[in-house]
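Trainee: The sequence isn't on hand, but the structure is:
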Ligand SMILES: NC(=O)C1=CN([C@@H]2O[C@H](COP(=O)(O)OP(=O)(O)OC[C@H]3O[C@@H](n4cnc5c(N)ncnc54)[C@H](OP(=O)(O)O)[C@@H]3O)[C@@H](O)[C@H]2O)C=CC1
Ligand SMILES: N[C@@H](CC(=O)OP(=O)(O)O)C(=O)O
């Protein structure tokens, strides 16, 4: 596949937008052709509009590109990656889909809509069949595909292999990085020397999104998985990387060794997509891993690291929240769509 697909980034100047630009630099299939952001940024070059925060230079292919408003008439692309605030995404993503764009969205606006796929390729690629249902329902030429919340996406690849043991209930406590709230989300005075035991809407998302992701698609609708999930979400003074303590109750009561084997054997075959990590789940044997600073960039930020698998079953999972949890997830979805002939 050597053809180049035109890609736009909506919300290109933000924390996730910058990760999209990083993920698309030198991408073998996608070429960035449009960068869109708010009126504050529109009309400026990307180099001037974005407060670039990643540990690499702004890629040459975007530095001098003019930022355009988030308007389907101003954006030149086949697929748009959305990193917009959710309330705004609700109207704007629908406008883009109506105008024929494929929208790979990272925002929460459409995740729970009945006819919108919520997808982690390694977990439920078959749910992309909902695109046809969505286009029939809404009369759109384009479509919207979403990826989950960053905390959900780090937990769900570890739950999928546990389904074989009759997964009944999950309890999870998160320790979430500050980058999850966006650049202006949490002030340093609020988070340094501190932990904030509340992230608005996060617990509800973690308790519902996995049920759709782990649900069954019958060709027309999704039946949600029957799992009782209870979440407590905390903001901690870590830059990138969400860590999660997970308790999983299963009917078959597997041993820690069986759970470890299930994690190691979880190797979905996506056909070698460019952003797909070699290992979706990395099992750490050390007593004090995974840790965000040491493990968040494993698999180029796309692997989920697990460790401390104990009787109960209890374990710790950790992943990069703005790569696997956001931009990398949307790009992987779009790669799969291309492979399926949907782009
Ligand atoms: N950070 C994370 O770990 C994750 C974030 N998400 C979701 O991704 C989305 C983006 O998050 P994040 O990058 O952290 O947010 P940021 O606040 O860092 O960036 C927001 C982006 O949206 C643009 N924008 C804001 N308001 C408007 C508007 N009214 N019209 C047009 N453009 C606008 C901003 O442009 P400008 O710079 O011009 O103001 C900026 O490019 C959100 O929906 C978030 O919930 C999902 C998973 C993980
Ligand atoms: N709320 C998450 C990030 C996020 O934006 O999630 P969502 O895409 O579900 O709104 C965090 O703060 O870490």
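Mentor: Sure, I can see it. No experiment lies behind these values; they were computed from the predicted model shown. Residues are numbered from 1 along each chain as shown. Ligands and ions are numbered 1, 2, ... in the order given.
Trainee: what residues does the stretch 51-200 of the chain put near ligand 2?
Mentor: 86, 108, 149-150, 176, 180-181, 199 (Cβ under 6 Å from any ligand atom). Yep, even glycine has a C-beta here, placed from its N, CA and C like the rest.
Trainee: out of these, who has the most neighbours?
Mentor: Neighbour count (other Cβ atoms under 10 Å) singles out residue 149 as the most crowded of these, with 28 neighbours.
Trainee: So which of the residues of the stretch 51-200 of the chain next to ligand 2 are in strands?
Mentor: residue 176 (DSSP state E).
Trainee: Next, format the residues of the stretch 51-200 of the chain next to ligand 2 as CSV and append distance to ligand 1 and pLDDT.
Mentor: Compiled in CSV, those are given as follows (distance: Cβ to the nearest ligand atom, whole Å; pLDDT from 0 to 100):
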residue, distance to ligand 1, pLDDT
86, 4, 94
108, 6, 96
149, 6, 97
150, 4, 98
176, 8, 98
180, 4, 95
181, 7, 94
199, 11, 98
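Trainee: Return the closest of the residues of the stretch 51-200 of the chain next to ligand 2 with respect to residue 26.
Mentor: residue 150 (24.4 Å; Cβ to Cβ).
Trainee: Quick one: residues contacting the closest one.
Mentor: 176, 180, 242, 321-322, 325-326 (Cβ atoms under 8 Å, 6 or more residues apart in numbering).
Trainee: which residue sits closest to whichever residue of the chain sits closest to ligand 2 in space, ignoring its chain neighbours?
Mentor: Scanning the chain for the residue nearest ligand 2 gives residue 180, at 2.1 Å (criterion: Cβ to the nearest ligand atom). Leaving aside its chain neighbours, residue 180 sits nearest to residue 321 (5.0 Å; criterion: Cβ to Cβ, 6 or more residues apart in numbering).
Trainee: Now do the same contact list for that neighbour.
Mentor: Contacts for residue 321 (Cβ under 8 Å, 6+ apart) come out as 150-151, 154, 176-177, 179-180, 240-242.
Trainee: May I have the phi/psi pair for it?
Mentor: For residue 321, the backbone dihedrals (degrees, to the nearest 10) come out as phi -70, psi -30.
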